[in-house]
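Peer 1: I'd like to go over a predicted model; first the sequence, then the structure.
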Amino acid sequence: MKNLYEQLNCLAHDENSPFYRVTHVGPHDGAEYHVFSYHIGSYQDFCQDGALECRGTMFRIEENGPVLVSLPFSKFFNYKENPFTMDLNLSAENVDYVTTKEDGSLISTYLTADGRLALKSKTSLTSSMAVEAEALLKTIEPVVGSELALCDACCLLELQGFTVIMEYVSPANRIVLPYDASNLVVLGVRKRNTGELMSFEEMNHYLGPYLVKNHVPDIYDFDEFFSSVPRMKGIEGFVVRLKDGTMFKMKTDEYVALHHAKDSVRSPRRLMEVVLEEASDDIRQMFADDPQALAEIDNMERYVTHLVAHLTKPVDEFWEANQHLERKDFAIKAQQELDRKQFSIAMGRYCGKEIDYKALVKKNHQEFLRDYQTTLVESTEQN
């Protein structure tokens, strides 16, 4: 993973890209951490060097430079969503594993500067999901078939240079599917210095009772299994890994319908919300044969990508350069350099508020949708 920090930092500082960097002060050690992620990205965006790793990867900034401390999964996509997941060989000989797609929040491990095990969500060290998952981890006792508690197994793997990737599921953290109890399900283990994923067999050795279910031993006809996934009920779907390392998601039609009502694409406001939640890829499969609907999704994706970048990039850059100023001086300079919405965000950040950009856009949807309609008209006239 040589030069990964430089690649991700370069992506995050491109004002026209969806990638960004979040700076955190570690809640356990006071150290500085940089987390890289994205708001909404296109296929072309993810073709850039390092872009697939811009999905929660975290570095601690030390005296000698950035140190990679948490490496979640690379970004992977829905089956047939884009060229990354098209024309795949799904034969039994080519499939490595097929695991249940859990419906919760992605959690990954890291070691603090003083060597303590801690958990993070996709981009935060202090989100409710990260805090709840960390508290839960400490309560999970060893189960039959394991000599180690999950916490101890995670510590052991961290010390060997691995990041443990889990899903936090809980009745209090419901996305779509219900769960009876809170749990941490291990999805993968990744070597930080190479990026390689641990084999399922090796993960089973360390983490067997805590590991997501692998369905390969139960699949007798792979063609029939994969063709039947859209019709399955009561599950989100599956994550598939091929022998060459390619990973992709397959979701059921029922889950997609529950998560995003089919008429979302006909409602600009709802479609905007779907795109903000990074879920437009889910509804694409429901409109695969409807060019007009796909065009409407494309238009909204382009607009929201531009909108979020316009709200976030200038504020992030202004904050990095001016956070040391006194409040009055900060406000005066912000008024001079930022627009009205950006100024409000910058002042909220100065006061220590965590800005929820998705909520901000949803709250001001009428203003932004007017701008969206104007943008569509201008685009149509130009063409």
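Peer 2: Right, received. Where do you want to start? All of these numbers come straight from a predicted model, not from anything done at the bench. Residues are numbered from 1 along each chain as shown.

Peer 1: which strand or helix spans the nearest residue to F200 once chain neighbours are set aside?
Peer 2: Spatial nearest neighbour of F200, excluding adjacent residues (C-beta to C-beta, 6 or more residues apart in numbering): Y97 at 4.9 Å. In short, each C-beta sits where N, CA and C put it, glycine included. Using DSSP states H and E, Y97 sits within strand 95-100.

Peer 1: before we move on, what about T163?
Peer 2: strand 162-169.

Peer 1: which residues sit against the strand holding Y97?
Peer 2: 187, 200, 212-216, 219, 222, 225, 235, 238-243 (C-beta atoms under 8 Å, 6 or more residues apart in numbering).

Peer 1: just the angle between that strand and strand 162-169, please?
Peer 2: Angle between the axes of strand 95-100 and strand 162-169 is 40 degrees (criterion: axes from the mean of the first three to the mean of the last three C-alpha atoms, to 10 degrees).

Peer 1: state the next helix or strand along the chain beyond strand 95-100.
Peer 2: Next element after strand 95-100 (DSSP H and E): strand 105-111.

Peer 1: okay, angle between that following strand and strand 162-169 too, please.
Peer 2: Using the same axes, to 10 degrees: strand 105-111 against strand 162-169 is 150 degrees.

Peer 1: which residue comes closest to F76 once chain neighbours are left out?
Peer 2: F76's closest residue in space is M247 (C-beta to C-beta, 6+ apart), at 4.1 Å.

Peer 1: counting neighbours, what do you get for that neighbour?
Peer 2: As a burial measure, M247 scores 19 neighbours (other C-beta atoms under 10 Å).

Peer 1: give me the domain ranges for the chain.
Peer 2: 75-258, 262-382 (automatic domain parsing).

Peer 1: could you list the low-pLDDT ranges of the chain?
Peer 2: 1-2, 144-146, 174, 258-266, 285-290, 376-383 (pLDDT under 70).

Peer 1: list the buried residues of the strand holding Y97.
Peer 2: Residues of strand 95-100 classed as buried: 95-100 (neighbour count, 16 or more other C-beta atoms under 10 Å).

Peer 1: try stretch 347-364
Peer 2: Buried, per 16+ other C-beta under 10 Å, within stretch 347-364: 347, 349-350, 360-361.

Peer 1: let's see which of the residues you listed end up in helices.
Peer 2: Secondary structure from DSSP state H places 347, 349-350, 360-361 of the buried residues of stretch 347-364 in helices.
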